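Here you go, sequence then predicted model.
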Number of protein chains: 2
Amino acid sequence: MAQINMEIRMPAAPYNGRKGRHAFTSGKAGEEANSPFDRRLAELLHHAAHIFCEKGYEGASMRDLSRAAGMSLAGLYHYFDSKEDLLYLIQKHAFRTIIESLQDRLKDAHGAEQRVRIFIENHLDYFLANKEAMKVLTHEDETLKNGRGAEIRAIKREYYKICLDLLEDLRREKGLEFSGRLAVLGLFGMINWIYTWHNPRVDLDAGELAAEMSNMFLRGVLSTGKAKRKSAKANA
Amino acid sequence: MAQINMEIRMPAAPYNGRKGRHAFTSGKAGEEANSPFDRRLAELLHHAAHIFCEKGYEGASMRDLSRAAGMSLAGLYHYFDSKEDLLYLIQKHAFRTIIESLQDRLKDAHGAEQRVRIFIENHLDYFLANKEAMKVLTHEDETLKNGRGAEIRAIKREYYKICLDLLEDLRREKGLEFSGRLAVLGLFGMINWIYTWHNPRVDLDAGELAAEMSNMFLRGVLSTGKAKRKSAKANA
DNA sequence: AAAAGAGTCGAACGAACGTTCGGTAACCTG
DNA sequence: CAGGTTACCGAACGTTCGTTCGACTCTTTT
């Protein structure tokens, strides 16, 4: 099995034009909400994700956020540098959390197919539990510019790479032939599109949805007529 | 085979707050560019789609469009009522064209599977040939409000319904069991996500991509273990 | 008790926004 | 050639935008 490099390669250090150095902005995703400052910032990011999700990044105003957070317009700027910084922090936190959780779940999983299923379930679990932040993550994809944009895009590429490696392991294990790139991007399309239609009152929950989507995707990829000459040894 | 109602049901008449009645705004999608007015409007819509695609609807300014079109800011308003009207016209034209072309291609096609393949190929053909307008169509999904938004959403529902009917025909014909809703939305995810990654220099063209995606999707949907008791008669 | 910092605010800055108004040419129609 | 319509423009209107400034409370440190 290919050794997956889980480490996030950064093209540059985390964006450092910030005022102070606080745990939330520099620590790992898990250890949030330590100081009162970080707790309040996390609260603001939550409000901001809600508003960006509703009106889009460009369509949302700092006055909207000020109203939603019950704080003066000027007071907001104590917690971050700019509106762009806000989007950056939301996206970085979402990506970090989802990758960290994925690493955790993949630790004790064997079998390429099982690992792909875990990838999908992890994605949908976080996606549906944090719908607003995830819509902001996927919808405001090309919004960030320069340093912040480059850093987020690097994390995204890493996430893509993890999925690609999982699928190529699967391909090797089953002795099949298919385009890894096409498979990854088809899969991402299916699971990232969900934010446009999922209604918790009528649709399946994360676990069921992950199972259904995994079945559909894996059948599509596995049951190809074009197997390589050497068939896979076994799949246990 | 289910009779598919191709007619677009409008919840209300096409948005009628417009200044004049011109062919481009009221005629069918095919018969564009008759009068000089309509030709110039089509040109402006093309520029606008480019800019909305690049900077998003909210992020793009009328001054950007004025610059791109080589026309004064005030002069633009001779051709449409408002920025919102611009987005509405772009989206309506894209939807009308794609549905019209689909109707045409489905006319002489038999076999449920073949018809689904035609749906996918038609979508990708138009999608990749009009990438910018299609990105605006999919990305600025919830942007339009009130009357214009309701009309566009109605067309979208109709398009969704066409696809759902095709898939349920397929399910009946093959005697399978799967959720039509999930299949449609999974498929839409795959094919609408393309605008986020497709690079004409490295990726397959529309026809090849349609074939690959059709194979992947159809295998995923068809090769389910859970067939109904009655197996399909034949698939020719 | 004095100094320093953290947290918050009202008020304002200049810039950019979508849209409108009054006008000017050019063109068609009688 | 008079009169109306079409196409277009410069300049401005009122509004909203992201951000900053100076000041005012608290709380913590010296």
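Alright, I've got the coordinates.

DNA strand D contacts on chain A?
Neighbours of DNA strand D within chain A, by Cβ under 7 Å from any atom of the strand: A:Ala60, A:Ser61, A:Met62, A:Arg63, A:Asp64, A:Leu73, A:Ala74, A:Tyr77, A:Asp81, A:Ser82, A:Lys83, A:Glu84. In this view, the C-beta of every residue, glycine as well, is placed from N, C-alpha and C.

please redo it, this time with the cut-off set to 10 Å
A:36, A:51, A:55, A:57-67, A:72-78, A:80-86 (Cβ under 10 Å from any atom of the strand).

Among those residues, which ones are in helices?
Residues of those located in helices (DSSP state H): A:36, A:51, A:55, A:62-67, A:73-76, A:83-86.

Could you restrict the residues of chain A next to DNA strand D to the ones contacting DNA strand C?
A:Pro36, A:Glu58, A:Met62, A:Arg63, A:Ser66, A:Ser72, A:Leu73, A:Ala74, A:Gly75, A:Leu76, A:Tyr77, A:His78.

Could you work out the most separated pair of these?
The most widely separated members of those, counting by Cβ to Cβ, are A:Pro36 and A:Glu58 (31.4 Å).

which residues touch the spatially most central residue of chain A?
Chain A has A:Phe95 as the residue nearest its centroid, 4.3 Å off, counting by Cα atoms, centre = their mean. A:Phe95 is in contact with A:Leu137, A:Ile152, A:Ile155, A:Lys156, A:Tyr159, counting by Cβ atoms under 8 Å, 6 or more residues apart in numbering or on different chains.

And it, how far from B:Ile51?
29 Å (Cβ to Cβ, to the nearest Å).

Test for you: state the pLDDT assigned to A:His110.
pLDDT for A:His110: 89.

related to what we said a few turns ago, quick one: which of the ones next to DNA strand C among the residues of chain A next to DNA strand D has the lowest pLDDT value?
Per-residue pLDDT puts A:Pro36 lowest of those, at 92.

Look at A:Glu142 and give its secondary structure.
Taking DSSP: H, G, I helix; E, B strand; the rest coil as the rule, one finds A:Glu142 in the coil state.

what sits against the residue of chain A found nearest DNA strand C?
Proximity to DNA strand C, evaluated over chain A using Cβ to the nearest atom of the strand, is greatest for A:Ala74 at 2.6 Å. For A:Ala74, no residue meets the contact criterion (Cβ under 8 Å, 6+ apart).

burial count for the closest residue in space to A:Ser223 that isn't next to it in sequence?
Closest residue to A:Ser223 apart from its sequence neighbours, by Cβ to Cβ, 6 or more residues apart in numbering or on different chains: B:Ser223 at 4.5 Å. Counted with other Cβ atoms under 10 Å in any protein chain shown, residues neighbouring B:Ser223 total 15.

and what of A:Arg39?
Counted with other Cβ under 10 Å, A:Arg39 comes out at 13.

shouldn't A:Lys92 be in contact with A:Ile155?
Yes - if you go by Cβ atoms under 8 Å, A:Lys92 and A:Ile155 touch, sitting 7.1 Å apart.

same question for stretch A:113-126, mean pLDDT?
97.

next one: stretch A:38-46
Rounded mean pLDDT across stretch A:38-46 is 97.

More neighbours: A:Pro36 and A:Glu58, which one.
Just comparing A:Pro36 and A:Glu58: by other Cβ under 10 Å the higher neighbour count belongs to A:Glu58, 16 against 8.

distance of the nearest residue to that one once chain neighbours are set aside from B:Phe52?
Leaving aside its sequence neighbours, A:Glu58 sits nearest to B:Glu58 (Cβ to Cβ, 6+ apart; 3.6 Å). In this view, B:Glu58 and B:Phe52 are 9 Å apart by Cβ to Cβ.

Same question for A:Met134.
23 Å.

can you tell me if stretch A:133-148 touches DNA strand C.
No - Stretch A:133-148 is not in contact with DNA strand C by Cβ under 10 Å from any atom of the strand; minimum separation 14.9 Å.

now do the same end-to-end measure for that stretch.
The stretch stretch A:133-148 measures 17 Å between its terminal residues, going by Cα to Cα, to the nearest Å.

buried stuff in that stretch?
Within stretch A:133-148, the residues scored as buried using 16 or more other Cβ atoms under 10 Å in any protein chain shown are A:133-141, A:143-144, A:147-148.

cool, stretch A:107-126 as well?
A:112-113, A:115-126.

And the top helix by length along chain A, what does it pack against?
Longest helix in chain A, counting residues (DSSP H): helix A:146-174. Secondary structure elements in contact with helix A:146-174, counted by 3 or more Cβ pairs under 8 Å, 6 or more residues apart in numbering or on different chains; DSSP states H and E, are helix A:83-107, helix A:112-129, helix A:180-192, helix A:206-222.
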